[in-house]
Every structure is written in structure tokens, then in C-alpha cells.
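Chemist: Please find the sequence and the predicted model below.
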Amino acid sequence: MRKETIQSDVTIVGGGLAGVCAAVAAARLGRTVSLVHNRPVLGGNSSSEVRVWVCGATAHGTNRYARETGIMGELFVENQFRNPEGNPYLWDLVILETVRAEPNIRLFLNTDVHEVEADGDEEQRTIRSVTGWMMGSERQIRYESLYFLDCTGDGLIGFLAGARYRLGREAKDEYGEAWAPETADDITLGSTLLFYTKDAGHPVKFVPPSFAKDIAQTPIPMKRVIRSGDSGCHYWWIEWGGELDTVHDNERIRDELWSVIYGIWDYIKNSGQFDAANMTLEWVGSIPGKREYRRFVGDYVLNQNDIIGQRQFEDRIAFGGWSIDLHPPQGMYAAESGSKHMHADGIYYIPYRSLYSANVSNMLFAGRNVSASHVAFGTTRVMATCAVMGEAAGTAAALCLELGVSPRGMYEKELEALQQTMLKQDASVIGLANRDAADLARGAKVRASSARSRIAVETGEGRYMLLHDAGILLPVEPKLHGLELLADATEDTTLTVELWDTGLPENYVPHRLIATASTAVAKGQSQWIPFPLEWEPDRPQNAFVIIRSNGKIALHQSNEPFTGVLAFERGAAPHAAAELEDHDPTQPIVDWSMKKLVRRPFCFRALSATEAYSPQKAVNGYKRPYGGPNVWVSEELNAGDEQWLELSWEHAVTAEEILITWNDDVNEDLINLHHHRTAFEIIPELAKHYRLEARISGEWETVYAIRDNRRRTNRIRLEQPVATDALRITIEDTNGSACAELVEVRVYGK
């Protein structure tokens with residue numbers, strides 16, 4: 001046996017998306033990281049070994065402007081370009097290359113950590129080292145660090161270190177959760193195995209193994225949807241083990257899941273009920289995708305009321321948006337629906353205090369083992385949300401080392417530093433503004449070659465029959481002074497619209513009625529119908545205009561998106577898996593759907609000028625839509641045109657690092673294995689070719705140029721610091737958008 005000791009600033013155990021994002025975050029902040037994973041590939045449940053879709057705050061397009069940014073966002077966008085077919089092996093490569101790009105990370109695959117050295121009493125523990133066995137290499141490796149992150153999912157490291165944890169469901173009276181049981185128990189969500197199929201192009205027989213279950217003798221055919229063309233995550237409901245111990249009974253659970261998979265395939269191939277003669281199995285999983293096990297206890301336990309109430313935590317460091325999604329303990333054998341869902345009216349916040357141990361002084365955690373009740377865990381468990389918590393935990397560990405504080409001390413003394421660092425890194429944080437005193441752009445005067453001053457979608461290529469209520473969301477800054485709709489009428493009628501606010505700045509559903517207007521419409525085509533809607537809110541915010549159903553009216557619809565504008569229909573687009581899931585239809589986020597209308601707004605025009613796209617938005621501190629789009633948008637570029645944004649200072653500054661964040665349309669729902677595809681591999685709104693110019697001694701000089709950009713954030717470090725009184729970002733071309741769209745620019749000196 002070969003024994004080794006590895007020393008690093010931070011040791012992270014678990015190479016799922018939470019551990020990967022934690023490692024990359026800490027490494028980018030200059031810390032040495034040991035990333036230890038017990039499988040041959042990174043990605044955890046999203047990897048080619050398990051193949052679960054990476055879902056997150058978008059909730060498959062249910063939430064608006066909710067796609068994750070930061071490291072998880074980079075993975076999504078890179079995968080969209082490299083892997084438009086959703087190949088699980090190429091997704092493995094996207095993750096692996098992201099880790100290997102960081103020289104501060106040492107990666108240890110196939111290494112199972114099963115020993116922890118910790119000292120102290122029950123109230124205050126400290127981890128000194130963890131030890132793992134590298135399978136196939138006969139290496140026993142001891143990892144020593146000042147800080148440790150448990151991103152194992154099952155929480156083994158914290159458990160061995162003596163960290164407090166919970167297992168199972170809390171009683172209803174503990175946190176006052178409506179969905180908690182009356183009495184606490186040890187029931188968890190079960191585990192799942194998936195399988196892939198393909199059309200072989202010729203008849204293929206299937207002889208089931210002896211252990212295949214006759215599913216006709218189970219409730220499965222009556223309670224679950226089985227289709228010959230489905231595979232992968234369409235069979236997420238092949239779940240079992242919630243009444244067992246999902247760790248210690250893992251092998252038993254796997255065998256039961258295998259018996260059902262082969263039984264389902266036997267049913268599809270040999271029952272005579274399906275057109276499946278040419279179908280064959282391409283892949284069957286062998287590692288159960290676990291949903292739930294230990295949940296650590298931090299200084300705060302996130303609960304159902306925090307999620308549904310969208311509690312505004314002072315220590316917010318990430319957001320989620322998946323529904324509270326709980327499954328019956330019996331899994332695939334249950335008589336009820338495979339899942340039930342409860343949504344907030346928008347995204348919810350995750351507090352930093354839920355990411356570090358209440359009694360292990362140098363341990364943070366991220367992923368499905370964070371400090372949350374069982375009910376709240378029903379939403380925090382999805383992988384993109386686990387990933388953004390990983391980035392927060394990795395950032396916190398790096399800053400703990402830099403600032404000389406414990407994870408709890410970070411909350412008590414250095415919370416501002418944590419949040420501002422995450423904003424600088426473009427992490428998934430909403431509602432906090434840039435207050436970085438070192439950012440020179442905050443003190444600059446900003447102007448641009450042009451800015452969009454009208455909100456108008458005037459060219460329609462399709463018609464939308466108004467058989468259901470429809471909706472238009474648009475920013476209002478500073479006021480709305482009338483609105484017109486482009487529509488056809490089959491006969492004389494009256495059309496009614498309502499103007500609503502959205503409540504919280506992060507929400508995109510109607511909340512409070514502001515005004516109502518009705519207009520007589522004569523029979524005819526392509527009419528601009530005016531409505532005297534008036535609103536001057538006390539702060540920039542979004543308006544939600546409801547267009548009441550009228551079967552005599554057809555709205556014109558564009559095929560060109562308009563940043564900051566969304567289209568909705570009410571009750572017309574059922575959830576993609578409505579036949580499998582128990583949804584409450586009264587929830588407004590479900591009631592008002594945009595899924596069929598993404599990037600296809602209705603034709604309308606606001607009759608007052610807007611400041612929602614002004615150059616100042618590039619330095620207003622917000623990096624995501626929040627009460628408005630928070631992006632500078634130019635006028636349309638004609639062939640050969642250039643647009644620019646300029647920062648200038650009264651006195652020369654020394655610029656060395658420039659951070660530019662482009663609009664990558666965080667409303668677009670991306671996913672790693674593509675249960676749907678976009679029409680593009682690069683987000684069209686992203687700048688493609690641009691140059692950075694500095695005014696030096698009165699003359700403009702190009703100091704940096706980028707061609708074929710496809711990334712949201714560009715971190716430009718100049719070879720030599722530049723003394724300048726003005727910087728100009730000149731956009732030569734985009735990846736398809738008609739306008740230049742820039743979210744934020746930051747400038748740093750030495």
C-alpha cells in the first residue's frame with residue numbers, strides 16, 4: 001500500500017455539481033483545493049453514470065429570468081455550444097475541462113473517503129484530516145486542510161466528524177410547515193435508476209432476465225405513464241426506497257429498480273400494446289440516483305415557510321426556484337401521483353447560515369445535505385440549486401482563509417465581503433447591488449452611442465387567438481402613458497385589459513390591480529387598438545398587462561424577442577408532466593405560463609419613452625433582471641454599424657482588469673441533456689466581436705479585442721496597466737441579436 005499526505009487550503013469531498021462549483025470558486029480566489037470524488041467521472045447524478053437532467057430555479061421554464069449564472073451558468077452555456085445533442089459523455093467533458101482549467105485544483109477521482117480525524121467535544125468539533133482509498137491505484141491518501149467541504153450528498157464526512165444532522169421528516173409543529181407530517185419519522189425520498197432506448201432500424205427481440213418484474217401485477221401501468229419512445233428522465237418516477245435506508249439498503253434498492261426497468265421494457269416490447277418492434281435498450285443505469293439522506297444542521301434551517309414566503313434573508317448567497325417537490329414513500333408502487341408540487345410566486349433565497357455546520361467549526365457543506373427541513377429540501381435538492389450553493393460555500397471557504405475568520409465568523413463579521421465577492425464573480429444572487437469600493441466604474445460618467453428609448457414590438461409574423469387570457473410583461477421606468485395592441489377582429493367587439501404590478505421586484509406574476517381599460521374594436525385586420533393605461537410607480541418596476549380572453553380577437557405575434565418583455569397565456573399550457581404530477585392550479589406561477597411563448601412576444605407598443613435600457617444600467621449595480629431588465633440596450637445595428645458604451649473620469653485612472661458581463665438571456669431555460677432544444681447554440685444577445693479602447697493623451701487606442709465571444713462574462717486582464725481618462729467598449733457584431741446588450745462593466749486598478 002502506498003501512503004501519501006496531501007496538504008491544501010481547502011479539501012472538498014464529493015465531485016457532483018456542488019463540489020465542482022465549490023472547488024472552482026475557491027480556486028479562482030487563489031486557494032489551493034483538493035477535490036476528492038469516489039467515481040471515475042465528475043458530475044454526480046448528472047454524470048453519464050446516472051444521467052439526471054440538471055434542473056434548477058427555472059423549473060423547466062416555469063420561473064422567469066431564473067437561470068443560474070456564475071459557474072453553473074458557465075457550464076450551461078458551454079454545454080449548449082459544445083453539446084447541442086445532449087450527449088451525456090460530452091457533458092462529462094464540459095465539467096472535467098472546467099475543473100482542469102483551474103491550476104489551483106488537484107483532482108482525485110476514484111477515491112473513496114471513509115476516515116475522518118476530528119477533535120473537540122460534541123458542541124465544538126474541528127476536522128484535522130480525512131483519508132481516502134484511491135481504487136485501482138492502491139493509494140491511501142490523507143488530506144489535511146484548514147477547511148473542509150462535505151459535498152458528498154449523503155453527508156458521510158460530516159457524520160464521521162460528529163456534525164449534527166437530521167434524517168427523515170420533521171413533525172408539522174417543529175417549523176409550522178403545512179406539508180410536514182403530524183409526527184416525525186425516518187421516511188425519505190427514494191432513489192431512481194434510468195434507462196435509454198433507441199430505434200435500431202430493424203426488429204429487435206427482448207428476452208427478459210429471470211428477475212424482471214411482471215409489472216402488470218403491480219399498480220405501475222395504471223398509475224404511471226409508459227410510452228415506447230420515452231427514455232431517460234421521462235422515467236424519473238422509477239423510484240423506490242423511501243421507506244428503507246437509502247444508503248445502507250442501496251444494493252437492495254438497486255436490485256428492485258433493475259427488476260422494474262427490465263419489467264417495463266418487457267411490457268413495452270412483448271405485451272403487444274406498443275409499436276416497439278425496432279426499439280432496443282441502449283443503456284441501463286447501475287448506480288441509483290439518490291435523492292435524500294442526511295441533512296446537516298447549520299445556524300439556520302431553511303423551511304417551507306421561507307420558500308413560499310420568499311423570505312428576504314440578509315445573508316442571501318444564492319437562489320432557487322424549483323417547486324417544493326415531494327414524492328410518496330412507496331415511490332413507483334404508490335397509489336397516488338408520483339409527485340406533488342407547491343410553488344412560490346417566484347424565486348426564493350438561500351441563506352449562508354444554511355451552508356456551515358452548527359458544531360463543526362471548520363466544515364461547510366453544499367448540495368442535497370444542506371441545512372433544510374425535509375419539506376424545504378423538496379426544492380433545494382435539484383442539482384443546479386445544489387451547484388450555486390456549492391459556489392457560495394467554496395467562496396466562503398476561500399474568504400475564511402483570507403480574512404482569518406471561521407464560517408460562522410464570516411456571517412457575523414464579513415458577510416458584506418462574501419456577498420460582494422459573489423456578485424463580482426457573477427454568482428446566482430438576486431436583489432443585491434454592487435458596492436465594491438475598488439470598482440472604478442462606479443465613479444465614472446457613462447454614455448453610449450445610442451440606447452433603446454421605445455418599448456415596441458411592431459412586426460408580427462403570426463396570430464394568437466385570444467381564447468384564453470393573455471399577458472404582457474414590460475418594464476416601467478419612469479412611467480407608462482398608454483399602450484396599444486396590434487390585433488385582428490372577426491367582428492365588432494370590446495376588448496378589456498388590466499394593468500397589474502408584480503409585487504416583489506423578483507416576481508413576474510400579477511399581484512395588485514392598478515388600472516382597467518376597455519376599448520371598442522371594429523371588425524378588421526391589423527389594427528392598433530389604444531388603451532389609456534396610466535402608471536407612474538415610485539421606483540422602476542415591471543408591469544403585468546392582462547388581456548382578457550375574447551374569441552373574436554387574434555393578437556399579432558412576433559418571432560423576434562424583445563429584452564425585458566415577456567408574453568404569457570393563462571391556463572392554456574398544462575405542465576409538461578401533468579399526467580404524472582399533482583399540481584395546484586391556483587398557484588399564479590403555474591397559472592400564467594410563458595412556455596409556448598418564449599422569445600415570441602405579442603405585438604404592442606408603450607406610448608411613453610423608457611429609461612429602462614439607458615447606459616447607466618451597465619453600472620447600476622444589478623447583474624440580473626430585478627424590477628426591470630438592468631441592461632444597456634442600444635438601438636438596432638445596421639450592417640457595418642458599431643455601437644459603444646463609454647466610461648469616463650474627471651481625472652485619469654489606472655485600469656488593469658476589466659470585467660464585462662453581456663446579456664445571455666437568463667430567461668432561456670437551458671439543460672444539460674436537453675429534454676428540449678433551442679434554435680441556437682450560442683445565446684443571440686451575446687456580443688460576438690468587440691474591442692476595448694482606452695483614451696490615452698487624448699487619443700483612442702485599442703488595448704484589447706475579442707473575436708467569436710460566446711460567454712456571458714469576460715474577465716480581461718491587460719498585459720500592462722493603462723492610465724486613461726476614458727474606456728470604450730465597441731461592439732462590432734452580436735451572435736444574432738439586432739442590438740448590443742451589456743449587463744455590467746467593472747474596472748479595477750492594481
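Modeler: Received the coordinates, thanks.

Chemist: Kindly provide the distance from the spatially closest residue to residue 14 that is not a sequence neighbour to residue 394.
Modeler: Excluding its sequence neighbours, the residue lying closest to residue 14 (C-beta to C-beta, 6 or more residues apart in numbering) is residue 151, at 3.3 Å. No exception for glycine: its C-beta is placed from N, CA and C like everyone else's. Counting by C-beta to C-beta, to the nearest Å, the separation of residue 151 from residue 394 is 9 Å.

Chemist: Next: residue 640.
Modeler: Going from residue 640 to residue 394 by C-beta to C-beta gives 44 Å.

Chemist: Tell me which of these two has more neighbours.
Modeler: Of the pair residue 640 and residue 394, residue 394 is the one with more neighbours under other C-beta atoms under 10 Å, namely 32 against 7.

Chemist: Please name the residues that touch that one.
Modeler: Counting by C-beta atoms under 8 Å, 6 or more residues apart in numbering, residue 394 touches 10, 12, 21-26, 33, 149, 366.

Chemist: of those, buried ones?
Modeler: Applying 16 or more other C-beta atoms under 10 Å to the contacts of residue 394, the neighbour count classes 10, 12, 21-26, 33, 149, 366 as buried.

Chemist: which one of those residues sits closest to residue 85?
Modeler: Closest approach between the buried ones among the contacts of residue 394 and residue 85, by C-beta to C-beta: residue 21, at 24.2 Å.

Chemist: is it fair to say the closest one lies in a helix?
Modeler: Yes: assessed by DSSP: H, G, I helix; E, B strand; the rest coil, residue 21 belongs to a helix.

Chemist: so how far is residue 90 from it?
Modeler: According to C-beta to C-beta, residue 21 and residue 90 sit 19 Å apart.

Chemist: One more: residue 661?
Modeler: Taking C-beta to C-beta, one finds residue 661 at 26 Å from residue 90.

Chemist: Over to residue 603?
Modeler: Taking C-beta to C-beta, one finds residue 603 at 39 Å from residue 90.

Chemist: remind me, longest strand of this protein?
Modeler: Criterion DSSP state E: the longest strand present in the chain is strand 713-734.

Chemist: Does anything pack onto the very next helix or strand once past that one? Which helices or strands?
Modeler: Sequence order places strand 741-748 as the next helix or strand after strand 713-734, per DSSP states H and E. Counting contacts by 3 or more C-beta pairs under 8 Å, 6 or more residues apart in numbering; DSSP states H and E, strand 741-748 is packed against strand 632-633, strand 643-662, strand 713-734.

Chemist: try 7 Å
Modeler: Judged by 3 or more C-beta pairs under 7 Å, 6 or more residues apart in numbering; DSSP states H and E, strand 741-748 is in contact with strand 643-662, strand 713-734.

Chemist: Show me what that strand is in contact with.
Modeler: Contact partners of strand 741-748, identified using C-beta atoms under 7 Å, 6 or more residues apart in numbering, comprise 438-441, 563, 618-619, 623, 630-633, 645, 647, 655-663, 685, 727, 729.

Chemist: Counting neighbours, which of the residues you listed end up buried?
Modeler: 439-441, 563, 618-619, 623, 630-633, 645, 647, 655, 657-663, 685, 727, 729.

Chemist: export the helices and strands packed on strand 741-748 to CSV and tack on mean pLDDT and distance to residue 371?
Modeler: Putting these into CSV (pLDDT from 0 to 100; distance: least, C-beta to C-beta, whole Å) gives the following:
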stretch, mean pLDDT, distance to residue 371
strand 643-662, 98, 31
strand 713-734, 97, 30
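
Chemist: Now those in JSON lines, please, with extra columns for distance to residue 502.
Modeler: Shown next, in JSON lines, are the helices and strands packed on strand 741-748 (distance: least, C-beta to C-beta, whole Å):
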{"stretch": "strand 643-662", "distance to residue 502": "24"}
{"stretch": "strand 713-734", "distance to residue 502": "27"}
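
Chemist: So residue 378: helix, strand or coil?
Modeler: helix.

Chemist: Give me the neighbour count for it.
Modeler: As a burial measure, residue 378 scores 26 neighbours (other C-beta under 10 Å).

Chemist: Would you map the strands across the stretch 401-550 of the chain?
Modeler: Remark: strands assigned in the stretch 401-550 of the chain by DSSP state E, counting those that start in this stretch are 445-448, 456-457, 462-465, 470-476, 480-489, 493-501, 512-521, 524-535, 541-547.

Chemist: Domain parsing of the protein, as residue ranges.
Modeler: As assigned by automatic domain parsing, the chain contains the domains 2-167+356-423, 191-284, 440-451+613-748, 456-606.

Chemist: shaky segments in this protein?
Modeler: Along the chain, the model assigns pLDDT under 70 to residues 572-585, 675.

Chemist: mind listing what the residue most central in space within it touches?
Modeler: Per C-alpha atoms, centre = their mean, the C-alpha nearest to the average position across the chain is that of residue 68, at 3.3 Å. Contacts for residue 68 (C-beta under 7 Å, 6+ apart) come out as 56-57, 384, 387-388, 428.

Chemist: Kindly recompute the last result at 10 Å.
Modeler: 21, 54, 56-58, 74-76, 318-321, 384-385, 387-388, 391, 427-428, 666, 670 (C-beta atoms under 10 Å, 6 or more residues apart in numbering).

Chemist: Same check on residue 385?
Modeler: 17-18, 54-57, 68, 72, 318-322, 348, 350, 366-368, 370, 379, 428.

Chemist: try 7 Å
Modeler: By C-beta under 7 Å, 6+ apart, the contact set of residue 385 is 56-57, 320, 322.

Chemist: Is it in a helix, a strand, or coil?
Modeler: helix.

Chemist: For residue 109, see how far away it is.
Modeler: 25 Å.

Chemist: cool, residue 724 as well?
Modeler: Per C-beta to C-beta, residue 724 is found 46 Å from residue 109.

Chemist: And residue 431, by the same measure?
Modeler: From residue 431 over to residue 109 the distance is 38 Å, taken as C-beta to C-beta.

Chemist: can you check residue 260 too?
Modeler: For residue 260 relative to residue 109 (C-beta to C-beta), the value is 31 Å.

Chemist: Give the residue from the two that has the larger number of neighbours.
Modeler: Neighbours per residue, other C-beta under 10 Å: of residue 260 and residue 109, the larger number sits with residue 260, 24 against 18.

Chemist: and that one, what element?
Modeler: Going by DSSP H and E, residue 260 is in helix 250-270.

Chemist: Tell me which of the domains of the chain sits nearest to residue 313.
Modeler: domain 2-167+356-423 (10.6 Å).

Chemist: distance between the closest one and the chain's centre?
Modeler: Centroid separation for domain 2-167+356-423 versus its chain: 16 Å, with C-alpha atoms, centre = their mean, to the nearest Å.

Chemist: ditto for stretch 230-238
Modeler: The offset between the C-alpha centroid of stretch 230-238 and the centroid of the whole chain comes to 21 Å, using C-alpha atoms, centre = their mean.

Chemist: Same check on stretch 310-319?
Modeler: The gap between where stretch 310-319 is centred and where its chain is centred comes out at 15 Å by C-alpha atoms, centre = their mean.

Chemist: Span of it from start to end?
Modeler: 10 Å (C-alpha to C-alpha, to the nearest Å).

Chemist: where exactly do the helices run in the protein?
Modeler: Secondary structure of the chain by DSSP state H: the helices cover 17-28, 70-82, 88-100, 156-161, 172-175, 220-223, 250-270, 304-308, 374-380, 383-403, 407-413, 415-424, 588-591.
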